[in-house]
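**Student:** What shape does this take:
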Amino acid sequence: MRRRSMPGVPHFAACNREGHRRTVKIVIALLGVLVLALQYPLWMGSGSLVDTWKLRQERDVQQAENHMLMERNQALEAEVNDLKQGLAAIEERARSELGMTKKDETFYQVIHE
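**Tutor:** Now for the predicted structure:
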């Protein structure tokens, strides 16, 4: 059934429901496309959540490696200080790594079978 314009009522008030439903569907579809277009950079683009997650993982790995290297550097620095300041450290290293002995010492090597 088609509505007729009534005198004194503007023409837009007399539009039918089918035209209104079609317009609503088009608006909803456009809004859906707009939401998808706005979501794409968040998930797939440069600086996306995936990129951020990967960068955080790389940062954590790098921080762990940096921590390990810092501890190694501190140990080496302590060893350098010992070598600079103490002859005892030099003597110990010469005995253990080079097998050196003092004068009047006898070296015994024990072989385990």
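**Student:** C-alpha from now on. contacts and neighbour counts both.
**Tutor:** Noted.
**Student:** wait, what's in contact with residue 100?
**Tutor:** Under the criterion of C-alpha atoms under 8 Å, 6 or more residues apart in numbering, the neighbours of residue 100 are residue 94.
**Student:** Quickly find the element holding it.
**Tutor:** Counting by DSSP states H and E, residue 100 is held by no secondary-structure element, helix or strand.
**Student:** how much space between it and residue 60?
**Tutor:** For residue 100, the distance to residue 60 (C-alpha to C-alpha, to the nearest Å) stands at 45 Å.
**Student:** Please apply the same query to residue 47.
**Tutor:** 18 Å.
**Student:** got it, and residue 33?
**Tutor:** Counting by C-alpha to C-alpha - residue 33 and residue 60 are separated by 37 Å.
**Student:** got it, and residue 70?
**Tutor:** When distance is defined by C-alpha to C-alpha, residue 70 is 15 Å away from residue 60.
**Student:** In this structure residue 83 contacts residue 89, no?
**Tutor:** Yes: with contact taken as C-alpha atoms under 8 Å, residue 83 and residue 89 are classed as touching, separated by 5.9 Å.
**Student:** lowest average confidence, helix or strand, in this structure?
**Tutor:** helix 87-98 (a mean of 79; mean pLDDT, DSSP states H and E).
**Student:** in this protein, what spans have low per-residue confidence?
**Tutor:** Per-residue confidence of the chain (counting by pLDDT under 70) places the weak regions at 1-16.
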